[in-house]
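*Asks:* The amino acid sequence is not available; the structure is as follows:
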DNA sequence: AGCCTTTGACCAGCG
DNA sequence: TCGCTGGTCAAAGGC
């Protein structure tokens, strides 16, 4: 059976704290190609990702890119959403957990004050929950 | 030559 | 049952 994916959704938060521009794009069909994704600055999270799709999600009026972890045995995925009108405002949604460690985590292992660093990372990951959308 | 991104098509879930 | 929407696939082109 195609296992019902028990996806754990972890919202990482905005990369920008500026609120979304909610102005309606009046019939200006914002096809995904209309936005040059090269403008996007993908924040590094210590993992290597392979992009496998991009769509404009009409429901939320945003573009969404789909990524898989490049690690062969890792099933982690992530999605990056942004407004066509403000491609610098990203929202990243992680799906699933990595079965390996990120570069950042490996880096932390090398340093003795890893606890403090982990605290920072935790704040980065969980401290910016978007409670308004 | 190989890897990565792009993008249209296809598929599944849901109302 | 059908149409819509979101998620994934895979071919093609670029780097």
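*Replies:* Structure's in. What do you need? This is a predicted model, so every value here is computed, not measured.
*Asks:* Against DNA strand B, how distant is the residue nearest to residue A:75 when sequence neighbours are not counted?
*Replies:* Nearest non-adjacent residue to residue A:75, counting by CB to CB, 6 or more residues apart in numbering: residue A:96, 5.2 Å away. Yep, even glycine has a C-beta here, placed from its N, CA and C like the rest. Look at residue A:96 and DNA strand B: by CB to the nearest atom of the strand, to the nearest Å, they are 17 Å apart.
*Asks:* How about the residues of chain A by DNA strand C?
*Replies:* Within chain A, the positions adjacent to DNA strand C are A:52, A:53, A:55, A:57, A:58, A:59, A:60, A:64, A:66, A:77, A:79 by CB under 7 Å from any atom of the strand.
*Asks:* Recalculate using a threshold of 6 Å.
*Replies:* A:52, A:53, A:55, A:57, A:58, A:59, A:64, A:66, A:77 (CB under 6 Å from any atom of the strand).
*Asks:* Just the buried ones among the residues you listed, please.
*Replies:* A:64, A:66, A:77 (16 or more other CB atoms under 10 Å).
*Asks:* so the first one makes contact with residue A:77?
*Replies:* No: Residue A:64 lies out of contact with residue A:77 (CB atoms under 8 Å); the separation is 12.0 Å.
*Asks:* pLDDT score assigned to residue A:66?
*Replies:* Each residue has a pLDDT score; the one for residue A:66 is 94.
*Asks:* the bottom helix or strand of chain A by mean pLDDT?
*Replies:* strand A:9-14 (a mean of 40; mean pLDDT, DSSP states H and E).
*Asks:* All set, thanks.
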